[in-house]
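Undergrad: make a model of this:
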Amino acid sequence: INAEYMGKSTVLKFAANGKREMKKDLGVMAMSYGNVYVASIALGANYNQTVQALREAESYDGPSLLLCYAPCIDWGIDMQYQMEGQRIAVNSGYWKLYRYDPRLVAQGKAPLQLDSLKVKSDVKKFLETQNRFKQLMRKDSDKAVEYFNALEGALAATHEDLTRRSLDDIELLDHLKGIVGEAVTGERALILYASETGTANQVAKMLQAEMLRRNVRAKCLAMDDYDFENLPGESRVIMIGATCGQGEFPDNSKGFWKALQDPSLPQDWLANTNYAVFAMGDTAYVYYNKVGKDIDMRMAELGAHRMVPMGNGNEKDDEKWETGWTEWIPEVYNEMGTQEPEMSLPPPVARVEFVAQGAPDTAIIVPSGARLVPMNVAQLLSPPDYDRDIRHFEFGLENTSVMYNCGDSLGIYPWNPRSEVLEFLEWFGLDPAALLRIQSGQEGGLDGVYTAEQLFTQVLDVLGRPSRRFYEMCMLNAQDAKEANEIKFLMSKDGKDAFKDFLKETPTFFDLMKKWPSTKLSLEYLVDFIPPIKPRLYSIASSPEADGDNLHLCIVAEDWTTPSGRYRHGLTTGYLRHLEPKPGAPVPVAARVNAASFSLPTSHTQPAIMVALGTGIAPCRAVIRERLHARDELGEEIGPMALFFGVRNRAQEYSYGETEWDVLHDGGKGPLTILGNAFSRDQKEKIYVQYRLKEHAETIYDWIVKQNGYYLLCGPSGPPCAASRQAVVDAIATYGAKDGFDQESADQYVTEMQIAGRYNEEVW
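TA: Sure thing, here's the model as predicted:
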């Protein structure tokens, strides 16, 4: 339905002299039936709310009504700015955003959710820009002012009415107390979020629900929907901030941040406020978690007390933002002294049925989005007796529908080692050949028929790192009081250090079950709480242009020894190292391609400086092979290339060195203009890549600044990454001094390179 909000706003649309009668509100009328899904939306004002409303309306088993704000060109609105016009209409209160979902009643929640919580601008200024209202001003300015004032009052009353409808009983009581000036009592917290795509909003709502379980009433608002002047009166504030673009604040937080930056605010303005900040972002961007960092610092500057250090959610972590969240939020609960939620284990969602006869649905499980790709080559690059296992792999993509671009990565879905799975099944008392029919109870879940061995080998990450929630579940299910108390202590504030030491042993789900055997869980709970095996991403070492359907990887096995002396190995690298493809007999592997997380050179003629740390050689090799293909096969001109390769020693770790890098360098005469190898342990004094960069500082300045060059560093994170960046900054400051560069401006130049995609790091 293309309709306006039918209050006083439409009085002025159809008559030059206006009308006093109020229009009926179609949304309110529909809500009065109690069984109609109703939403008021405006795409330009809140994209996520619009999409969510459409999804909810589509899934609702009953009539749904969507009221969509759509400006008209006859109003004098330039249609290229209509999205901005929608945003202004909502901010002024002229158009409301809400969703009325009758399904929420059964959950004990208010069915109305008001999504435009605060009027942020003057509706008169909004109306004065439109022809239909300008006409009334020209016809009768006194009447126009009268109607404008009446409209403003009507919109305020409507907003208050919708606000009250959207609150539950306790929230409504607090709201009314605030109106009459009465103090609000009870355990309370304020949750503010800055969200662009909706993820931070979802995290905040999840936290609000968890606070309620802990007997803490929490108000949850977008930062710009909060009355900023009330902030000093808040005793506990939890702020969840996502960073978008190049360190930018999301639209629903810009006003709050502007107010928080006011230099006239005294240093003790928030002296009575305790706060915690969780930042959300992606380390692939220059200004990683800048929004959270800025808010955290500014709150402290205004005298607020930081309850816990800022938490960091990173999209590059295995569990994305949840990795940082699960480490951070328990500390917040501990500092707040919240009550533990009700100590009872909810019934399992999944259903597991033993099947007497039949067969599993398939022999090899292929996760959603993945494909089976044949591994044709698994070649050991390092010496057999060396303590690091470095291998070159090749996969054939013909007939798989898998395609990739230079710089992409391949996500490998590994299997748990069969010997360890059989050990687990024996301990659990489950026949490996037993057929199990799984009903996960979740959309996109694990529904199907599996053998027990298949389920715990190919699907469930039983040998992976348990979440904190799994520890809590074990505690709730423990039949032995001593075991329950031991887990409870590890999860407590007092057990924080002991828990950190415990995690150094990298315990698995199976380890926990063996350590606390009285917590033995049913198959249904294991399906519920042990996540599916996730893919491990590896940078592709080939070019689709140069290598066609032959995809290459270069991988070093991940292994370590725990403080107690127990040998551990990475799941995926352990899986890959035991695969043995033969000519004509490839090994199928479940995998999917992930888009590159770094920018590529803008042209083949752009000078390219590449720094490879260990198996970080893979994407550098891809870039080099693509460029050589352009020269040799397409006849294109290519620019100069430099490769700075850092490994421990030449004899064991110089991957592709003698067959590719030395040949391409050819003493400086080949297309690899500079080859700066840094074999750190081949001599008494350790040599690292940053030393080689310094040796070529003048060339680096010329290529990067004078010739608008490209820089790529790949490998494990650590000191060499920062040291290499500093070497580039020093080169620019030293050889660019004659051009006006100093350390500060050189550092800023590199930052601008990062923003422009000319300076890249792919680290793990």
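
Undergrad: and L67, which of the three is it?
TA: Per DSSP: H, G, I helix; E, B strand; the rest coil, the local secondary structure of L67 is strand.

Undergrad: give the buried residues for the longest helix seen in the chain.
TA: As assigned by DSSP state H, the longest helix anywhere in the chain is helix 141-165. By neighbour count on 16 or more other Cβ atoms under 10 Å, the buried set for helix 141-165 is A144, Y147, F148, L151, E152, L155, T158, H159, L162, T163, R165. C-beta here means a position set from N, CA and C on the backbone, and glycine is covered the same way.

Undergrad: center of the chain, which residue is that?
TA: E315 (3.5 Å; Cα atoms, centre = their mean).

Undergrad: and that residue, what does it touch?
TA: G281, D282, T283, A284, W321 (Cβ atoms under 8 Å, 6 or more residues apart in numbering).

Undergrad: pick out the most distant pair among the residues you listed.
TA: The span of the contacts of E315, defined through Cβ to Cβ, is set by A284 and W321 at 14.1 Å.

Undergrad: so, low pLDDT: which residues of this protein?
TA: For the chain, applying pLDDT under 70 flags the ranges 1-22, 74-80, 132, 183-187, 443-444.

Undergrad: quick one on the thing from earlier: need the contacts of E315 in TSV (columns: secondary structure, neighbour count and distance to A596).
TA: Formatted as TSV, these follow (DSSP: H, G, I helix; E, B strand; the rest coil; neighbours: other Cβ atoms under 10 Å; distance: Cβ to Cβ, whole Å):
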residue	secondary structure	neighbour count	distance to A596
G281	strand	24	18
D282	coil	18	14
T283	coil	17	15
A284	coil	16	10
W321	helix	23	21
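
Undergrad: V527: which of those is nearest?
TA: Nearest to V527 among the contacts of E315, with distances taken as Cβ to Cβ, is W321, at 24.1 Å.

Undergrad: measure the closest one to N312 for me?
TA: 9 Å (Cβ to Cβ, to the nearest Å).

Undergrad: cool, and I674?
TA: 36 Å.

Undergrad: check D101 too.
TA: 34 Å.

Undergrad: what does H175 give?
TA: 34 Å.

Undergrad: neighbour-wise, which of these two wins?
TA: Neighbours of H175 and N312, each counted by other Cβ atoms under 10 Å, are more numerous for N312; the result is 22 against 16.

Undergrad: wait, what's in contact with the more buried one?
TA: Counting by Cβ under 8 Å, 6+ apart, N312 has contacts F278, A279, G281, N289, G292, G324, W328.

Undergrad: do A541 as well
TA: H392, H552, L553, C554, I617, A618, P619, R621, A622.

Undergrad: the strand or helix carrying R568 packs against which elements?
TA: Using DSSP states H and E, R568 sits in strand 567-569. Contacts defined by 3 or more Cβ pairs under 8 Å, 6 or more residues apart in numbering; DSSP states H and E place strand 567-569 against strand 559-561.

Undergrad: note down every partner strand of the strand holding R568 and its orientation.
TA: Using DSSP bridges, strand 567-569 pairs in its sheet with strand 559-561 (antiparallel).

Undergrad: ok, residues contacting the strand it pairs with?
TA: So strand 559-561 is in contact with T506, Y567, R568, H569, G570, T573, G574, going by Cβ under 8 Å, 6+ apart.

Undergrad: export the residues you listed to TSV and tack on distance to P266 and neighbour count?
TA: What follows is those, written out as TSV (distance: Cβ to Cβ, whole Å; neighbours: other Cβ atoms under 10 Å):
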residue	distance to P266	neighbour count
T506	48	13
Y567	58	8
R568	53	14
H569	56	15
G570	53	17
T573	56	20
G574	58	20
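
Undergrad: buried residues, stretch 748-764. List them.
TA: Buried, per 16+ other Cβ under 10 Å, within stretch 748-764: Y749, V750, T751, M753, Q754, R758, Y759, N760, E761, E762, V763.
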